[in-house]
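1. can you look at this prediction? I've put the sequence above it.
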Amino acid sequence: MSERRKKIDASNRNVRLVGNPKSAQNRLRGELYKEAFDRIEKGIKEDRYFEVIFLADSIIADRTQSLVQTILHGEQEQYGFVGVGLAIEVLYSESKSKGINLGKKYRALMREIEEWLPNRNVAAHAFVVVNADNIDCGVPERIEALRETAIQGARLARDFTDSTDKIIKELKQD
């Protein structure tokens, strides 16, 4: 198991603060999510695709880790903050080990996010990289790829937030 996939003490500064009703962290999260979704909407209209992609990534990572925390509720060890791909791996592992069925639709949504990640990676790490595979891909094609990645990321962030929040609510009722 990767060092980054190991649990650490829940009090570690790299562990996401647990959401509690009316807590300072929940109020702040609410403000941040509103700002992020507003910026995503505005960013698509104003061709700020990098911003949209990275906000979608941040939202998806936080929602994934929120669900993992809900699954591990009360445990003294949690996972530190990791990127989306690793967070989804942890979610698969923890839901399986705890016997939690996330449902076919949710798992399909996670697979769709996993399929989106390589395009997010190109935006983050390779927009200006020229290699044998992309030598014929000029600025207009790269901008169009960013636009498509941003639009898909925006949709995934919204769908994933809504779906994750429903699952968390259901788990807390049980």
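-> The structure has been received and is ready for your questions.
2. show me the helices in this protein, by range?
-> Taking DSSP state H, the helices of the chain run over residues 24-45, 49-71, 84-97, 104-125, 139-173.
3. buried ones in the longest one, by neighbour count?
-> Using 16 or more other Cβ atoms under 10 Å as the burial criterion, the residues of helix 139-173 that qualify are 142, 145-146, 149-154, 156-157, 159-161, 163-164, 167-168. Placement of C-beta: from N, CA and C, glycine included.
4. what angle sits between it and helix 84-97?
-> Angle, helix 139-173 to helix 84-97, by axes from the mean of the first three to the mean of the last three Cα atoms, to 10 degrees: 30 degrees.
5. just checking, what packs against helix 139-173?
-> helix 24-45, helix 49-71, helix 104-125 (3 or more Cβ pairs under 8 Å, 6 or more residues apart in numbering; DSSP states H and E).
6. deepest-packed of the ones you listed, please.
-> Neighbour counts averaged per stretch over the helices and strands packed on helix 139-173 are highest for helix 49-71, at a mean of 22; criterion: mean count of other Cβ atoms under 10 Å.
7. next up, the contacts around the residue most central in space within the chain.
-> Residue closest to the average C-alpha location in the chain (Cα atoms, centre = their mean): I60, at 1.8 Å. Listed by Cβ atoms under 8 Å, 6 or more residues apart in numbering, the contact partners of I60 are V84, I113, G153, L156, A157, F160.
8. the same query, at a cut-off of 7 Å, please.
-> I60 makes contact with V84, I113, L156, A157, F160 under the criterion Cβ atoms under 7 Å, 6 or more residues apart in numbering.
9. can you tell me which of those comes closest to E75?
-> Ranked by distance to E75 (Cβ to Cβ), the contacts of I60 are led by V84 at 22.2 Å.
10. hmm, the closest one is touching D62, no?
-> No - between V84 and D62 there is no contact under Cβ atoms under 7 Å: 9.7 Å.
11. how much space between the residue nearest to R158 when sequence neighbours are not counted and S93?
-> Sequence neighbours aside, F37 is the residue nearest to R158 in space, at 7.3 Å (criterion: Cβ to Cβ, 6 or more residues apart in numbering). F37 sits 29 Å away from S93, going by Cβ to Cβ, to the nearest Å.
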